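Engineer: Just a sequence and a predicted model for now, questions to come.
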Amino acid sequence: MDLDTLEKVLSILQREYKKWNAPVVTLIKERTNDPYKILISTVLSLRTQDKTTHKAAERLFKVADTPQKMVRLSEKEIEKLIYPVGFYRTKAKNIKKISEILLKEYNGRVPDDLDELLKLPGVGRKTANLVITLGYGKLGICVDTHVHRISNRLGIVKTKTPFETEMELRKILPKKWWIEYNDMLVSLGQTICRPIRPKCDICPLRDYCPKICVKNMEKNDV
DNA sequence: AAAACGGGGGC
DNA sequence: GCCCCAGTTTT
């Protein structure tokens, strides 16, 4: 896709996506720029629904919204607070461990550096990028499965892993779009451009999408 | 009842 | 590259 088309597509999307009121995966429900809350709620959100995540985060933060408070809770206590998010045992363990590391190695602060964040257990590129962009206002590209899938469907990139997608987008996506790109594609992904049975008939990007009219996406098609 | 949903880590 | 981690929602 050439740059002019890309700009056009993103402009259309920017105009439309807020109307859908899609639950925004990338943000916890109450807008915050507290890096610790963003970090923990993003860990909570992995492979689980937004509503479940929001409730769990609310319950958890009522008891512990700083690493200092978090480390006083046992894994079991954290598990009870965050249930029923998916993988709650793993996540409880990671949340406790992350909080301990933050206290021991970073003076209780969440690092603002991608590579430092990636060392934390349960923190991958999606989570790390989200923390530096939302928590610290740094430029980053956050690639989840929506961003990966739709970037490929539209022909913006041709990649097979989210990591490659992030690297490609880093090259071709104008910087002014970096932050909003994730929000827009997630909204589109949840409402219209779903993994299976996408609603192409009501998609604002149908004129620009090479996948239009594909009745059923192939099993392993993005 | 069954399929769909969505990141990270260990090997 | 393959498999594990666990729940809710949709079909």
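Structural biologist: Nice, thanks for sending it over.
Engineer: Which phi and psi values does residue A:159 adopt?
Structural biologist: phi -140, psi 160 (degrees, to the nearest 10).
Engineer: what about it, distance to residue A:139?
Structural biologist: Per Cβ to Cβ, to the nearest Å, residue A:159 is found 20 Å from residue A:139. (C-beta placed from N, C-alpha, C; glycine too.)
Engineer: higher neighbour count, those two?
Structural biologist: The neighbour count for residue A:159 versus residue A:139, taken as other Cβ atoms under 10 Å, is higher for residue A:159 (18 against 11).
Engineer: if I look at that one, how far off is residue A:151?
Structural biologist: Distance, residue A:159 to residue A:151, by Cβ to Cβ: 8 Å.
Engineer: for residue A:33, what are its contacts?
Structural biologist: Shown in contact with residue A:33 (Cβ atoms under 8 Å, 6 or more residues apart in numbering): A:134-135, A:137.
Engineer: Domain map for chain A?
Structural biologist: Domains of chain A are assigned by automatic domain parsing as A:3-23+A:142-208, A:35-135.
Engineer: Within range of DNA strand B, give me the residues from chain A.
Structural biologist: A:25, A:45-49, A:86-87, A:90, A:118, A:120-128, A:144-146, A:162, A:189-190, A:194-196 (Cβ under 7 Å from any atom of the strand).
Engineer: how about 6 Å then?
Structural biologist: Residues of chain A lying near DNA strand B by Cβ under 6 Å from any atom of the strand: A:25, A:46-48, A:86-87, A:121-127, A:144-146, A:189, A:194-196.
Engineer: Report the buried members of the contacts of residue A:33.
Structural biologist: Neighbour counting by 16 or more other Cβ atoms under 10 Å classes A:134-135 among those as buried.
Engineer: Can you name the residue of chain A nearest DNA strand C?
Structural biologist: Closest to DNA strand C within chain A is residue A:86: 2.5 Å, counting by Cβ to the nearest atom of the strand.
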